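> Any chance you can model this:
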Amino acid sequence: MAKHIFVTGGVASSLGKGLTASSLGRLLKARGLRVVMQKLDPYINVDPGTMNPFEHGEVFVTDDGFETDLDLGHYERFIDVNLKKNSSVTTGSIYQTVIARERRGDYLGKTVQVIPHVTDEIKRRVNLLAREDVDVVITEVGGTVGDIEILPFLEAIRQFRKDIGRDNVCYVHLTLVPSIGPGGEQKTKPTQHSVTELRSRGIQPDVIVCRTSEDLSESLKSKISMLCDVPKDAVISAADIPNIYELPIVLHKEGLDRYIINHLRLESGGGFELNLDSWLDLVARSSNLKESVKIGIIGKYVDHPDAYLSVVEALRHGGIFHGVAIDFEWIQAEEVTPMMAESMLGHLSGIVIPGGFGERGIEGKVAAAGFARESKLPCLGLCLGLQTMVIDYARNVAGLEHAHSREFKEDAPHLVIDLMEEQRTVKDLGGTMRLGAYVARLLPGSRVADLYGETIVSERHRHRFEVNSNYRSRLEEAGLVCSGESPDGSLVEFVELKDHPFWIGTQAHPEFKSRPDRAHPLFRGLIEAAIERQKG
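Numbering: from 1, shown residues only. Predicted coordinates for the structure are as follows:
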């Protein structure tokens, strides 16, 4: 039977439940345990796919084409497991399922209630991950204890211990110990109130992880232990750190994984000795980067960097691979013009044009792609980034004046970016996006084939507009290399230029598959080209 760990949070949001859960997952995996992770999100949206990035950060996409919360990106990067749609659960999806069952008559005329029908569905979703090939399921409960929308989830996980036995469930509660006043005195009262609130919902935490600016003293650990009724060695100090990949090491030094291993009686399963050597090497390399390269991100949500979280991390991974730190420069796409491009971009060593939706900032992205092309500035275009690179090339090299995308200008004379032909007459485009993993065939000898080291690759997608195949020959005759395509040859997946240090676009989102100890080939290639440019 799989063991279950539930991670809750209190006092304030954004304390780092996702990173704490991910770090715990890495520690358990380093002990040889088979770990899978899940996020229970209390918002009523069915998924975050329709949310503005300012609301909830980036939308992470799984291999099986599900749009999820960005915490799943942390999970995948830390435990190096490709998660699936079952790892993302929202209040909206729970109620959608319950109501559909009620309409079908599955409840046999009973009054449908939060308890037991909603809570039973939540438990069913958690149990879907408890397969025979899984040792531990780590479930993060979004929001904070005390939020009204979180109550059904707390009740469901409370029942879980009764359903499967006390030795099979561990509750980890993340809370805040703030430092107040001129002397920076650490205060435990918020933690006490948070635990009291959790206990009022029937859950006694087994472990309390305390977010602090500095390590907790032994006396404060004793105080929290006494007042919150947990053993002292179950009070874990998680002080601020400059490098998120250090967190598993910090938590291990505090004894978190050892305590949970004992609590869940996993020792009898074979010892599970810890082997953190590869992770320690990663942290050592990522914490001792002496040089840096300046990379610009040309986006429309640059005031909210979480909108590009996976891009940022993938760039950092590429930097770690090459032994350099990334000096990020956030550039508002709306402000980039052909006249201003030199002053805004000329000092950079490389740029990324990330994905997005909506017309705002499009011309700035096109101008950035054009400047990078002409000035030999290394440039990586992701999804919409590829599309803006194609628009630039069509307008300024292939002679297709006023070329554009149907998404932004339907009456443009040359729609070099368009819907697939069968979708052009569809009025309701809901559910027509290409989502999830798709295979691409790379052109042998191309730059992307060299970077990947193979000619058949799979990347995750999230878009509905494509390079218009009617213009492909015109673009190729003008020198654009369509270096990757769908297996049937109908869709362009990668573009590049031959006589350029690095001007590559992909219709996919390769950032979702990058790992801290296994940087994605495209991001490695971009950073390598940026280093060469910086050397002059």
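> Identify each buried residue in stretch 499-509, please.
For stretch 499-509, the neighbour count (16 or more other C-beta atoms under 10 Å) marks 500-509 as buried. C-beta coordinates here come from the backbone N, C-alpha and C atoms, glycine included.
> what's the straight distance from one end of it to the other?
With C-alpha to C-alpha, to the nearest Å as the measure, the ends of stretch 499-509 fall 24 Å from one another.
> Out of the buried residues of stretch 499-509, which sit inside strands?
Among the buried residues of stretch 499-509, the members falling in strands are 503-506 (criterion: DSSP state E).
> what's the closest of these to residue 309?
Residue 309 lies nearest to residue 506 out of these, by C-beta to C-beta, at 18.3 Å.
> With pLDDT and distance to residue 275 as extra columns, can I get the buried residues of stretch 499-509 in CSV?
What follows is the buried residues of stretch 499-509, written out as CSV (pLDDT from 0 to 100; distance: C-beta to C-beta, whole Å):
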residue, pLDDT, distance to residue 275
500, 97, 43
501, 97, 40
502, 98, 36
503, 98, 41
504, 98, 36
505, 98, 39
506, 98, 35
507, 97, 38
508, 97, 33
509, 98, 32
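> Among those, pick out the one closest to residue 370, please.
Checking these against residue 370 by C-beta to C-beta gives residue 503 as the nearest, at 10.5 Å.
> The closest one contacts residue 379, doesn't it?
Yes - taking C-beta atoms under 8 Å as the definition, residue 503 is a contact partner of residue 379 at 5.1 Å.
> list residues touching both of the two?
372-373, 389 (C-beta atoms under 8 Å, 6 or more residues apart in numbering).
> Quick check: ChimeraX command selecting the buried ones in those.
Those of those that count as buried under 16+ other C-beta under 10 Å are selected in ChimeraX with:
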select :372,373,389
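> list the buried ones in the helix or strand of the chain with the lowest mean pLDDT?
None of the helices or strands of the chain scores lower by mean pLDDT, DSSP states H and E than helix 53-56, at a mean of 78. Buried positions in helix 53-56, judged by neighbour count with 16+ other C-beta under 10 Å: 53, 56.
> State the mean pLDDT of the very next helix or strand once past it.
Sequence order places strand 60-61 as the next helix or strand after helix 53-56, per DSSP states H and E. Within the predicted structure, the mean pLDDT of strand 60-61 is 96.
> So what touches strand 60-61?
Where contact means C-beta under 8 Å, 6+ apart, the residues beyond strand 60-61 that reach it are 67-73, 310, 435-436, 460-462, 509, 512.
> Pull the most distant pair out of these.
Farthest apart among those - using C-beta to C-beta - are 71 and 461, which lie 20.8 Å from each other.
> So what does residue 35 have for phi and psi?
Dihedral pair for residue 35: phi -120, psi 140, per degrees, to the nearest 10.
> so how far is residue 183 from it?
41 Å (C-beta to C-beta, to the nearest Å).
> In contact with the residue nearest the centre of the chain, which residues?
Nearest to the centroid of the C-alpha atoms of the chain, with distances taken as C-alpha atoms, centre = their mean, sits residue 73, at 2.7 Å. Neighbouring residues of residue 73 by C-beta under 8 Å, 6+ apart: 58, 60, 309-310, 313, 512.
> Low-confidence bits of this structure, can you list those?
In the predicted model, the chain carries pLDDT under 70 at residues 268-271, 421-432.
> Residue most distant from the centroid, it?
residue 109 (41.5 Å).
> next one: the one helix or strand residue 435 maps to to chain centre, how far?
When elements are defined using DSSP H and E, residue 435 is found to belong to strand 434-442. From the chain centre to the centre of strand 434-442 is a distance of 19 Å (C-alpha atoms, centre = their mean, to the nearest Å).
> buried ones in the very next helix or strand once past that strand?
Read in the C-terminal direction, the helix or strand following strand 434-442 is helix 447-452, with elements assigned using DSSP H and E. Judged by neighbour count (16+ other C-beta under 10 Å), helix 447-452 contains these buried residues: 447-449, 451-452.
> which strands and helices sit next to the helix or strand just after helix 447-452?
With elements assigned by DSSP H and E, the helix or strand that comes after helix 447-452 is strand 456-463. Helices and strands in packing contact with strand 456-463 are listed as strand 60-61, strand 434-442; criterion 3 or more C-beta pairs under 8 Å, 6 or more residues apart in numbering; DSSP states H and E.
> Just say which of those strands is most tucked in.
Comparing those on average neighbours per residue, with mean count of other C-beta atoms under 10 Å, the densest one is strand 60-61 at a mean of 26.
> which residues of the stretch 301-450 of the chain fall in helices?
Listed in chain order, the helices of the stretch 301-450 of the chain (DSSP state H, counting those that start in this stretch) span 309-322, 341-345, 362-375, 384-396, 447-452.
> Using JSON lines, please lay out the buried residues of stretch 499-509 together with distance to residue 82.
Conversion of those to JSON lines gives the following (distance: C-beta to C-beta, whole Å):
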{"residue": "500", "distance to residue 82": "32"}
{"residue": "501", "distance to residue 82": "32"}
{"residue": "502", "distance to residue 82": "27"}
{"residue": "503", "distance to residue 82": "29"}
{"residue": "504", "distance to residue 82": "24"}
{"residue": "505", "distance to residue 82": "24"}
{"residue": "506", "distance to residue 82": "19"}
{"residue": "507", "distance to residue 82": "20"}
{"residue": "508", "distance to residue 82": "15"}
{"residue": "509", "distance to residue 82": "14"}
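> That concludes my questions; thank you for your assistance.
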